[in-house]
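Student: A structural model of the following input is requested.
(3 chains)
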Amino acid sequence: MLRDITIGQYYASESVIHRLDPRVKVVATFVYIISLFCFDQLSGYIIAALFFGCMVKLSKVPFKFITRGIKPIIFMLIFTAALNLLWTSGEHILIKAGFITITVEGVKKMVFMALRLIFLIIGSSLMTLTTTPNQLTDAIESLFKPLNKVKVPVHEIAMMMSIALRFIPILVEETDKIMKAQMARGADFESGNIIQRVKNMVPIFIPLFVSAARRASDLALAMDARCYHGGEGRTKMKPLKYKKPDIIAYLVMFGYICIIITAGKFLPI
Amino acid sequence: MSIKLQDVNYIYGIGTGQEIHALKNINLEINNGEFIGLAGHTGSGKSTLVQLLNGLMRASSGVIYYNGQNIYDKLYNMHSLRSKVGLVFQYPEHQLFETTVINDVQFGPKNLGLPQLEMELRSFQALKMVGIGDELLDVSPFTLSGGQKRRVAIAGILAMQPEVLVLDEPVAGLDPAGRDEILGLLKKLHSENNITIILVSHSMDDIAKYVNRMLVMNKGEIVLDGNPAKVFQFEKELERIGLGIPQAVKVCHQLREAGAYITGEPITAEDCAEAIYQWLKV
Amino acid sequence: MRPFIKAENVVHEYSRRDEEGNVTDINRALDGVDIEVTAGDFVAVLGANGSGKSTFAKHLNALLVPTEGTLYVDGKDTSDHNNDLKIRQTAGMVFQNPDNQIISNIVEEDVGFGPENIGVPTEEIWRRVEESLKNVEMYEYRKQSPNHLSGGQKQRVAIAGIMAMKPNCIILDEPTAMLDPEGRKSVIKTVRELNKKENITIILITHYMEEVTAADYVYVMGSGQIKMRGTPRQIFARSEELTKYKLTIPEVTKIALELIKKGIQIPKDILYVEELTNALLKLKMHQ
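Tutor: Model prediction:
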């Protein structure tokens, strides 16, 4: 039912990748995305693909889960590919029909751009598939801690993220309930033009807003009652601690980025 | 006028591999003018059942007839069914949204496309029925007390002039006085306005005194059906499914087990005391 | 012995203000409340909706402070904000809505939330979480999401979350109002066990009469005042007064009172079904 909706798309499994410190995974994903822009020839893509393939194998996540992330962006993918294909000028003209000119350089750029985008998406999917939303919030809180110095409320932002994760499914279910209750009073959410439909949503939005406000004030009281007073002096039940595999993972990432940069500089194709 | 369910099944999450069989082969007939108590543990399927009755959810299989007409027929007007079978959800005060009490109550009649005069007339009547005075018509529903809000929400359904009124846990969270107020209101609606009422609750004490027929659900099936006195004879079964029986019934059962001769199956404290008095006198 | 909670003439006024900040309306939610609770007691506060019982509960946790009068919890004045954390740690609070007081997506992390806030070391948090979850019989659900639990189970997790802060007292503000009979029973059972086995002072705020029969002492509230006080038996023998405060007595007590009206000689403070049937059977034997 609706309560089963999870944010992100965690794939539960016991693997080396799953057990890594979430901070490692966030940093690694970031490094991987940067690495994709460090080369511009075929060999770079092969290295990036091989490296990614190894990670997927290690994570024990079925490949079809990884590629699922591409579906929502397929339109964007086609659009950018087409743009690259049509707008790249070059010397080797393949087809020229009216104002449409397709060059060899254009085809090359299209393929590379599409590959880059796909790698980018499936790379970050691998992170969300192997990290629970809670671990992710912890990692973000820990990694962005230095921002505290410039008065960014890192702890509060992380706390807000984790509370949102808990309450989104509840509010989704509540929306469904209110919608049904108004339908029982004869409300119609399916017919009419756009303006009419937006207007028809008022009987859903107001009760939902009232309920969200009530929940927020209840929760604030409950947090007060449990001695919550910000991040100061707070201990952690599940503190993030680097272990040996995490160090190795950082070294692997470092090795990978060195190889990619070298390849980008020295390999001809 | 009646509702008839034939071999009705409802399954959640078909095709997800995590199917939940919420209703199993329900066969049921609800007649005009009945006051029915539908009892069951959380997850017994009672909330699913009532949402089928006004077409908010569609049975996975089986047929539902309203006044002899198949509501799943292509030509059947589902919209009008929702006004004939009024459903009051749990915590109905959470669906209030208008700026004034009267406007909120008019939401239902407005959706039925009634003329202004008719709309207002029905809303005034409905508010009167639930005991909300004229002085509250133009105040914001959000400033009312919990019990008042709930009565306004019930008026919102009554203003559609339903033939059948279904209420899911209408007294949840109310104090004893508030509980009696709502249940008394339902009793009045049943006897004076001749509305068929289906009262869903997990509290036997609340419903036993008011209804003339009880349905007990467990794990998606109707396991007991009959007048309260008859249903309460199955004390063991009721306790096993986590429902229990009213204290008055329990007192009589225990005395009888100890050999006392107590006639009838009294449900209220007064009747129970009278029956015990008769036994003590001989 | 010093009372654990001592309220002296506590008054609380909610004031409504207009746009310019002038007070337009004053609502006296508490009107001179005097209460004393001894450590280790199980105290029930009964009252209809709007009687001021929830406002009073929030005072015990320093979530609200008295407008007039004083309130001491474990010897600490609640109106001094420096005492807030100490008071909330020693007198934890469980609220009505099970969903709106669970903070985390995983049961064990939610129970750990309180100890984290008061700076308990990591290993100690784990020990406390395990112990508290076992105390409320929810240990096997520790890795689950609270969204998949029943209302009664969620309330028990909330109780565990308070227990993990090692309080001396738990205040429960209508903890069963949104639960089904089974959930209600499980929560009350848990509360009673904590009172008996762990010697936790319990303050149960409710309008369900059946839940207070086990209490040591009962206070009845109406329009912001303490209207009645006594043991459950003393309170329920005064059924007419209770009706005045929009409350009723348990059905079995009602039956006993009806019988007494008819001239049958049985005690008028009966609380349990067995008690009534035994009294009646004894009476019949003597006839």
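Student: Mind jotting down where the strands sit in chain C?
Tutor: Secondary structure of chain C (DSSP state E): strands located at C:5-17, C:23-37, C:42-47, C:68-73, C:76-77, C:91-94, C:169-173, C:201-206, C:217-222, C:225-230.
Student: any idea how far C:His207 is from the nearest residue to C:Met221 once chain neighbours are set aside?
Tutor: Distances taken as CB to CB, 6 or more residues apart in numbering or on different chains place C:Gly47 nearest to C:Met221, at 3.6 Å, with adjacent residues excluded. C-beta here means a position set from N, CA and C on the backbone, and glycine is covered the same way. Per CB to CB, to the nearest Å, C:Gly47 is found 7 Å from C:His207.
Student: Give the residues shared as contacts by the two.
Tutor: The overlap between the contact sets of C:Gly47 and C:His207 (CB atoms under 8 Å, 6 or more residues apart in numbering or on different chains) consists of B:175, C:247.
Student: shouldn't B:Leu215 be in contact with B:Ser44?
Tutor: No. B:Leu215 lies out of contact with B:Ser44 (CB atoms under 8 Å); the separation is 10.6 Å.
Student: The two: which is more packed in?
Tutor: Counted by other CB atoms under 10 Å in any protein chain shown, B:Leu215 and B:Ser44 do not tie: B:Ser44 has more neighbours, with 26 against 23.
Student: Around chain A, pick out the residues from the stretch 51-200 of chain B.
Tutor: Residues of the stretch 51-200 of chain B found near chain A (CB under 8 Å from any CB of the partner chain) are B:51, B:54, B:56, B:79, B:82-83, B:86-89, B:92, B:94-97, B:107-108, B:111-112, B:142, B:156-157, B:160.
Student: Name only those of those residues that count as buried.
Tutor: Buried members of those, counted by 16 or more other CB atoms under 10 Å in any protein chain shown: B:51, B:54, B:56, B:82-83, B:86-89, B:92, B:94-97, B:107-108, B:111-112, B:156-157, B:160.
Student: Need the three-state assignment for the nearest residue to A:Leu42 once chain neighbours are set aside.
Tutor: Counting by CB to CB, 6+ apart, A:Ile269 is the residue found nearest to A:Leu42 once chain neighbours are left out, at 5.2 Å. Three-state assignment for A:Ile269 (DSSP: H, G, I helix; E, B strand; the rest coil): coil.
Student: Which residues of the stretch 101-250 of chain C lie near chain A?
Tutor: Going by CB under 8 Å from any CB, the residues of the stretch 101-250 of chain C near chain A are C:101-106, C:108-109, C:112-122, C:125-126, C:129, C:146-148, C:161-162, C:165.
Student: C:Arg184: what's it in contact with?
Tutor: C:152, C:176, C:208, C:211.
Student: name the helices or strands packed onto the lowest-mean-pLDDT helix or strand in chain B?
Tutor: Least confident helix or strand, chain B: helix B:204-208 with a mean of 82, by mean pLDDT, DSSP states H and E. Judged by 3 or more CB pairs under 8 Å, 6 or more residues apart in numbering or on different chains; DSSP states H and E, the packing partners of helix B:204-208 are strand B:35-40.
Student: Identify the residues contacting the strand it packs on?
Tutor: With contact meaning CB under 8 Å, 6+ apart, strand B:35-40 is reached by B:30, B:46, B:49-50, B:186-187, B:190, B:196-202, B:204, B:207-208, B:210-218, B:228, B:241, B:243.
Student: Out of those, name the ones that lie in strands.
Tutor: B:30, B:196-201, B:213-218.
Student: Report pLDDT for residue 88.
Tutor: Let's take chain A. On pLDDT, A:Thr88 comes in at 78.
Student: let's do chain C instead
Tutor: pLDDT, read off for C:Arg88, is 95.
Student: is it true that it touches A:Leu221?
Tutor: No. Counting by CB under 8 Å, C:Arg88 does not reach A:Leu221; the two are 11.0 Å apart.
Student: Now C:Leu60: closest residue in space, sequence neighbours ignored.
Tutor: With CB to CB, 6+ apart, the residue lying closest to C:Leu60 is C:Ile171, at 5.0 Å.
Student: Bridging across strands, which residues link to that neighbour?
Tutor: C:Met93, C:Ile203 (DSSP bridges).
Student: before we move on, what SS does whichever residue of the stretch 101-250 of chain A sits closest to chain B have?
Tutor: Minimum separation of the stretch 101-250 of chain A from chain B (CB to the nearest CB) falls at A:Gly186, amounting to 3.1 Å. Secondary structure, three-state DSSP: A:Gly186 is coil.
Student: Closest one of the ones in strands among the contacts of strand B:35-40 to chain C?
Tutor: Looking at those and their distance to chain C, the nearest is B:Ser201, at 9.6 Å (CB to the nearest CB).
Student: Give the full set of residues in contact with that closest one.
Tutor: Shown in contact with B:Ser201 (CB under 8 Å, 6+ apart): B:37-39, B:169-171, B:207.
Student: Kindly recompute the last result at 6 Å.
Tutor: If a contact means CB atoms under 6 Å, 6 or more residues apart in numbering or on different chains, then B:Ser201 has B:169, B:207 as its contacts.
Student: how close does it get to B:Leu215?
Tutor: Look at B:Ser201 and B:Leu215: by CB to CB, they are 11 Å apart.
Student: the longest helix in chain C is where?
Tutor: The helix spanning the most residues in chain C, taking DSSP state H as the definition, is helix C:181-197.
Student: what's the average pLDDT for that one?
Tutor: Averaging pLDDT along helix C:181-197 gives 93.
Student: what's around the closest residue to A:Tyr242 other than its chain neighbours, how many residues?
Tutor: In this structure, A:Tyr242 finds its nearest non-sequential neighbour in A:Asp21, 5.8 Å apart by CB to CB, 6+ apart. Neighbour count of A:Asp21, defined by other CB under 10 Å: 22.
Student: quick one: A:Asp21 and A:Asp246 touch, right?
Tutor: Yes. Counting by CB atoms under 6 Å, A:Asp21 does reach A:Asp246; the two are 4.6 Å apart.
Student: In contact with A:Ile78, which residues?
Tutor: By CB under 6 Å, 6+ apart, A:Ile78 lies in contact with nothing.
Student: quick one: it from chain C, how far?
Tutor: For A:Ile78, the distance to chain C (CB to the nearest CB, to the nearest Å) stands at 36 Å.
Student: Name the secondary structure element that contains that residue.
Tutor: Secondary structure assignment for A:Ile78, by DSSP states H and E: helix A:74-87.
Student: CA atoms only for the helix or strand that that helix is followed by - export them in PDB, please.
Tutor: Scanning forward in sequence from helix A:74-87 by DSSP H and E, the next helix or strand is strand A:93-97. Extracted in PDB, the C-alpha atoms of strand A:93-97 (Å, rounded to 0.1, in the frame of the first residue of the first chain):
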ATOM      1  CA  ILE A  93      30.100  16.300 -43.600                       C
ATOM      2  CA  LEU A  94      28.000  13.100 -43.600                       C
ATOM      3  CA  ILE A  95      24.500  14.300 -44.700                       C
ATOM      4  CA  LYS A  96      23.400  17.700 -45.900                       C
ATOM      5  CA  ALA A  97      19.700  18.200 -46.500                       C
END
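Student: Provide the contact partners of strand A:93-97 at residue level.
Tutor: Contacts to strand A:93-97, defined as CB under 6 Å, 6+ apart, come from residues A:102-103.
Student: same thing but 7 Å
Tutor: A:101-104 (CB atoms under 7 Å, 6 or more residues apart in numbering or on different chains).
Student: With stretch A:25-42 instead?
Tutor: For stretch A:25-42, the external contacting residues (CB under 7 Å, 6+ apart) are A:48, A:116, A:119-120, A:123-124, A:127, A:130-131, A:139, A:143, A:249, A:253, A:256-257, A:260-261, A:263-264, A:267, A:269.
Student: Buried subset of these as a ChimeraX selection?
Tutor: The following ChimeraX line selects those of the contacts of stretch A:25-42 that are buried, judged by 16+ other CB under 10 Å:
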select /A:48,116,119,120,123,124,127,130,131,139,143,249,253,256,260,263,264
